[in-house]
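just coords:
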Ligand code: NAP
């Protein structure tokens, strides 16, 4: 049962200003739009909650995270039903995403229970140290305070209300205020109901979680500028993310903005691999490129290959694999319009050939494939910008030297992939130092869509892939974004945090 209200510190709060959802199918719902009053209320409640939640035990927070996962599962089918209607994503995809979301919550619960993430260190006192005596010095990571999270349009569960950013902040000990994405407000509300139920069941302070609904820029701006918000997690567009990042930097007290923005995720096909299994790689690429209408931040939009017969065969195989893929519904009308405008800007760029054309309109996306030369790529930086959707570009380079040049020309990326056989090893190895400087994750012989939630995952990278290259928004390392080290020098044992008492 949907109320169309915000959840603020355990209360469902309505408002006078409303907006209508724009579902892919079914009738629109009416949702309240939060303003400065609701932001103030949610941020103040989060700060109030921090004084207990920020000092809760790891076991208490783990129990809370596990309970959220249980409550989401209890509402599983209702979430799939509304999520699918709002976003156009198939039910099977949303069921899978639900498993990822609950798995992530449970993984973070078990991770914090182990305690390693606290990075506890101790330099024992040296009373006879020369030239000076040294006091006892210990270090431990502490939560930063209330965190604002922007739900992502393309992952209504795994990167939204109870998604990765929220789970990481809650695991760290930070209360969360979510700005729900206006593309799936009903899905957000049901997930918020699950979190509310978990709060009530575990006796956590109600200010630990709030969901603010809305579809205007003032809401996001006032949230990141609020003095009590100490960090922000965001997944979305380069323009929106950059605007919010600048607001965070411009505050009287600047705060970190962990934005995951755009990426074209280049794929380098080395000569021997291209000759031996170019067609299979092309087929796999077509699948990865069109998965979920290409609406993945890890979508591999650009392939780089040495020109010649093998590259021509690769393109033919890619066209054959892409051609039968019909129109897919996009997440919002705006995202579909942005896809077509990205396609038009590629079309308008000189030296680019359209080898697979199609027709799409309204909220649909169909695949497109373009070809260009290495020299033209290097001359037109617009070709390196993300187009969110199933559009591929193959860059045909003269030789491996030009491939290296292209690799150096990329902006920061979430991922970079190399397809290689044994004989390609020495050439591929030359790319490694370049790709390490460009991407958060480097893959061999695979496709970057499908990001494992695990300890060793990095989903981030140099700007514009993310606004903070030291961080990841997927995997257990993502918890670190919402922590800061505190050093305790000569502090008596009884005044130390419990977690430092046994080291
Ligand atoms: P978006 O426009 O960046 O919006 C994301 C969130 O930020 C929304 O809640 C939005 O509010 C808010 N927002 C955006 N700009 C803002 C500003 N200047 N001030 C305050 N709040 C702001 O992203 P989107 O709606 O998800 O999709 C638009 C485009 O983003 C896509 O076409 C695609 O290019 C890109 N995208 C990229 C990724 C990725 O992972 N790389 C993922 C999703 C989308 P409202 O709800 O009010 O709009």
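Sure, I can see it. Just so it is clear, the structure is predicted and the values come from calculations on it, not from any experiment.

only C-alpha atoms for contact and neighbour calcs from this point on.
Will do.

could you say which helix or strand contains residue 341?
helix 333-347 (DSSP states H and E).

How about residues contacting that helix?
Here helix 333-347 makes contact (Cα atoms under 8 Å, 6 or more residues apart in numbering) with 330, 352-354, 361-365, 368, 382-383, 387-389, 391.

And for stretch 115-128?
Contacts of stretch 115-128 (Cα under 8 Å, 6+ apart): 58, 111, 133-142, 477, 480, 500, 503.

now those: which count as buried?
Listed as buried from the contacts of stretch 115-128 are 58, 111, 134, 136, 138-142, 477, 480, 500; burial here means 16 or more other Cα atoms under 10 Å.

now, the most widely separated pair of those?
Put simply, by Cα to Cα the two of those set farthest apart are 111 and 134, 33.3 Å from each other.

quick revisit: in the contacts of helix 333-347, which residue is surrounded by the most others?
Highest neighbour count within the contacts of helix 333-347: residue 389, with 30 neighbours (other Cα atoms under 10 Å).

close enough to count as contact, that one and residue 293?
Yes - between residue 389 and residue 293 a contact is recorded at 5.7 Å, counting by Cα atoms under 8 Å.

hey, what's in contact with both of the two?
residue 365.

show me where the stretch 1-150 of the chain has helices.
36-53, 58-74, 76-87, 91-114 (DSSP state H, counting those that start in this stretch).

I'd like the distance from stretch 129-137 to the chain centre, please.
45 Å (Cα atoms, centre = their mean, to the nearest Å).

Quote the end-to-end distance of it.
For stretch 129-137, the separation between the terminal residues is 14 Å (Cα to Cα, to the nearest Å).

what's in contact with whichever helix or strand comes after the helix holding residue 341?
The helix or strand immediately downstream of helix 333-347 is strand 352-356, counting by DSSP H and E. Residues from elsewhere that reach strand 352-356 (Cα under 8 Å, 6+ apart): 319, 323, 346-347, 367-373, 376.

Pairing partners for strand 352-356, with directions?
Strands adjacent to strand 352-356 in the sheet, as given by DSSP bridges, are strand 368-373 (antiparallel).

Compute the inter-axis angle for the partner strand and helix 333-347.
30 degrees (axes from the mean of the first three to the mean of the last three Cα atoms, to 10 degrees).

Run through the neighbouring helices and strands of the next helix or strand after strand 368-373.
Using DSSP H and E, the helix or strand that follows strand 368-373 in sequence is helix 374-379. Under the contact criterion of 3 or more Cα pairs under 8 Å, 6 or more residues apart in numbering; DSSP states H and E, helix 374-379 touches strand 391-397, helix 400-409.

what is the rounded mean pLDDT of helix 374-379?
Helix 374-379 comes out with an average pLDDT of 98.

what's the answer for stretch 106-116, then?
Mean predicted lDDT for stretch 106-116 stands at 98.

domains of the protein?
The chain breaks down by automatic domain parsing into domains covering 6-22+29-123+134-261+466-495, 267-444.

export those to CSV and tack on distance to the ligand?
Below are those laid out as CSV (distance: least, Cα to the nearest ligand atom, whole Å):
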stretch, distance to the ligand
domain 6-22+29-123+134-261+466-495, 3
domain 267-444, 4
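
Sweet, I'm off.
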